[in-house]
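>>> Sequence and predicted structure are below.
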Amino acid sequence: MIITPQLAGNVARSCHPIGCQQALQAQIDYVRAQGAITTPKRVLILGASSGFGLAARVALAFGGGADTYGVSFERGPSEKGVGSAGWYNNCYFRQAAEAAGLQAANTIGDAFSPKVQEKVIADLKADFGQIDMVIYSLATGRRDIPATGESFRSVLKTTGAPVEGNTINLEAQALEWTSIPTATSEEITHTTKVMGGEGWQEWIEALLAADLLAPGAQTLAFSYLGPELSAPVYRFGTIGVAKEHLHATANHLNEQLQQTVGGIAYPVVAKALVTKASVFIPVMSVYLALLMKQMKANGTHEGCIEQCYRLFATKGAGQQPVLDEDRQLRLDDYELAPSLQAEIAKIYPTINGDNFKALTDFDGYLHDFMALNGFDLAGVDYSAEVDMTEMAALKP
Ligand code: NAI
Ligand code: NA
């Protein structure tokens, strides 16, 4: 079958498996070209199939020779469609890692589900042994708690006065004036249940109880803070409240790990990037497209793989992490450079529906989004048939 991109608003309804393989290979090639790094050797990644989780996995495996176990929520091919990009990322990652002599296992399922947790723990006991590092990189809108029948949904709203601003609509390739309402206290609680630190805490406690954390084990969770400009939507948004909870959880887990295995827990504050999750955050997209333009112009632009390589190569993650006074590892140092933010703050208010393609890196933003789903990549023949029987035989 010939696979074409299908966009609905900011959601990709198709993905190109061969393109996904190539995008993954580009991440592997980047890491190999940078050179070997010292990393933990046995790593569990929750949210391993795309974005930061996948990039961390590639940096660990192909930079540091780590064996990795990934958990993610993805769809394989079926009568309904080709499946999700993350599915193919998992399949091709495992192939590439095994070809390099590394262990790579995947479980596809809901990381919040106790059943999935039990399965992963049984697998780790059987095939991996104690884990040196746990990476928490889930981005989702929903968390179900089977024991109580509760179901929480996250919302992307502000906690202050309603905010108005432009958002990029990828399908229409246009700006859309959007207003972001104030969340209710219940919406704030629910978002925190989904995107805060509870899920992380449950995993670490379950791994400790199963004696699966090695002496000195480290755990990190990806987070974001962002500049003043996006604060009404991000830091003072429902997602920001959830991230505050995640950071508080890091401190709590840090004490727990110190007392048990002599380990350490910390949040990694990354830069804003185009991922499947981030394009949903209203108003952030215009800031992000402008950020990309300015960072490319001053030579500091990074994608997920550059960020994750730097995390292990120069920020000491997994060894002696370089933390700030709030115990956060900062990968947003280039994004928050004061001169860069001053420039952005000047240009941002002048952006409108007529000039946004010129003033921001809209093309780069759109390309990155398409590339997440295996499209718009040089070297992929999109007019060629993709053999879906072959695709259906792939195993994550
Ligand atoms: P992503 O959408 O690329 O990755 C999310 C991962 O979570 C995928 O592997 C997905 O399969 C998995 N997942 C989602 N729900 C799941 C579930 N119920 N069970 C198991 N796996 C599940 O998103 P991205 O952007 O890499 O986000 C990861 C973390 O990084 C999030 O905490 C996000 O807030 C944070 N972050 C993102 C930034 C950005 O600009 N994209 C910036 C800084 C931090
Ligand atoms: Na991820």
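Perfect, I can see it now. Numbering: from 1, shown residues only. Ligands and ions are numbered 1, 2, ... in the order given.
>>> going forward, measure contacts and count neighbours with C-alpha atoms only.
Will do.
>>> Show me what counts as buried in whichever helix or strand residue 32 is part of.
Assigned by DSSP states H and E, residue 32 falls within helix 17-34. Using 16 or more other C-alpha atoms under 10 Å as the test for burial, helix 17-34 gives 17-25, 27-28, 30-32.
>>> Looking at these, which is nearest residue 231?
Lowest distance from residue 231 to the buried residues of helix 17-34 (C-alpha to C-alpha) belongs to residue 27, with 30.9 Å.
>>> ok now do the residue in the chain positioned nearest to ligand 2, which residues does it touch?
Using C-alpha to the ion, residue 53 is the residue of the chain that sits closest to ligand 2, at 3.5 Å. Going by C-alpha atoms under 8 Å, 6 or more residues apart in numbering, residue 53 touches 45-47, 135-138.
>>> Sort out for me which of these are in strands.
Counting by DSSP state E, the members of the contacts of residue 53 that fall within strands are 45-46, 135-136.
>>> Which residues outside the longest strand along the chain are in contact with it?
Secondary structure assigned by DSSP E gives strand 213-223 as the longest strand of the chain. Strand 213-223 is contacted from outside by 52, 130-137, 207, 243, 246, 250, 257, 261-270, 318, using C-alpha under 8 Å, 6+ apart.
>>> Please identify which helix or strand holds the residue of the chain most remote from its centre.
Within the chain, residue 354 marks the point farthest from the mean C-alpha position, 31.3 Å out by C-alpha atoms, centre = their mean. Under DSSP H and E, no helix or strand contains residue 354.
>>> what's the answer for residue 49, then?
Judged by DSSP H and E, residue 49 forms part of no helix or strand.
>>> near ligand 1, anything from stretch 306-321?
No - using C-alpha under 6 Å from any ligand atom, stretch 306-321 stays clear of ligand 1, coming no nearer than 10.2 Å.
>>> Around ligand 1, pick out the residues from the protein.
Residues of the chain lying near ligand 1 (C-alpha under 6 Å from any ligand atom): 47-53, 71-74, 109-112, 137-140, 222-224, 270-278.
>>> Put the buried members of those into a ChimeraX selection.
In ChimeraX, this line selects whichever of those come out buried by 16+ other C-alpha under 10 Å:
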select :47,48,49,50,51,52,53,71,72,73,74,110,111,112,137,138,139,222,223,224,270,271,272,273,274,275,276,277,278
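>>> Can you pick out the ones from the residues of the chain next to ligand 1 that are in helices?
If you go by DSSP state H, the residues of the chain next to ligand 1 have 51-53 in helices.
>>> secondary structure element for the closest residue to residue 234 other than its chain neighbours?
Using C-alpha to C-alpha, 6 or more residues apart in numbering and skipping residues adjacent in sequence, the residue nearest residue 234 is residue 240, 5.3 Å away. In the assignment (DSSP H and E), residue 240 maps to helix 238-260.
>>> Three-state assignment for residue 326, please.
What DSSP: H, G, I helix; E, B strand; the rest coil gives for residue 326 is coil.
>>> what about it, how many neighbours?
Applying other C-alpha atoms under 10 Å, we find 10 residues neighbouring residue 326.
>>> Let me see the mean pLDDT of stretch 169-177.
Stretch 169-177 shows a mean pLDDT of 93.
>>> going forward can the numbers begin at 37, since that is how I track them
All right, first residue 37 from here; so that's stretch 205-213.
>>> Show which residues not belonging to that stretch make contact with it.
Contact with stretch 205-213 is made by 43-46, 200-204, 388-389, 392, 402, as judged by C-alpha under 8 Å, 6+ apart.
>>> show me the residues around residue 88 that make contact.
When contacts are taken as C-alpha under 8 Å, 6+ apart, residue 88 is in contact with 173, 258, 340-341, 344.
>>> Can you give me the separation between it and residue 343?
With distances taken as C-alpha to C-alpha, to the nearest Å, residue 88 is found 8 Å from residue 343.
>>> isn't residue 286 right next to residue 294, touching?
No - at 11.9 Å, residue 286 does not count as touching residue 294 under the criterion of C-alpha atoms under 8 Å.
>>> So for these two, which residue has more residues nearby?
Neighbour count, other C-alpha under 10 Å: between residue 286 and residue 294, residue 286 has more, with 24 against 16.
>>> Kindly state the pLDDT recorded for the more buried one?
98.
>>> Could you do residue 44 as well?
87.
>>> so what's it up against?
residue 207.
>>> With residue 85 instead?
Listed by C-alpha under 8 Å, 6+ apart, the contact partners of residue 85 are 106-108, 110, 122-123, 125-126.
>>> Let's have those in CSV, adding pLDDT and distance to residue 418.
Formatted as CSV, the contacts of residue 85 follow (pLDDT from 0 to 100; distance: C-alpha to C-alpha, whole Å):
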residue, pLDDT, distance to residue 418
106, 98, 29
107, 98, 30
108, 98, 27
110, 97, 23
122, 98, 19
123, 98, 19
125, 98, 18
126, 98, 21
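>>> quick one, helices of the stretch 287-432 of the chain?
For the stretch 287-432 of the chain, the helices defined by DSSP state H, counting those that start in this stretch occupy 320-333, 340-349, 374-383, 392-395, 398-408, 424-428.
>>> Tell me what residue 301 is bridged to.
When assigned by DSSP bridges, residue 301 has beta-bridge partners residue 255.
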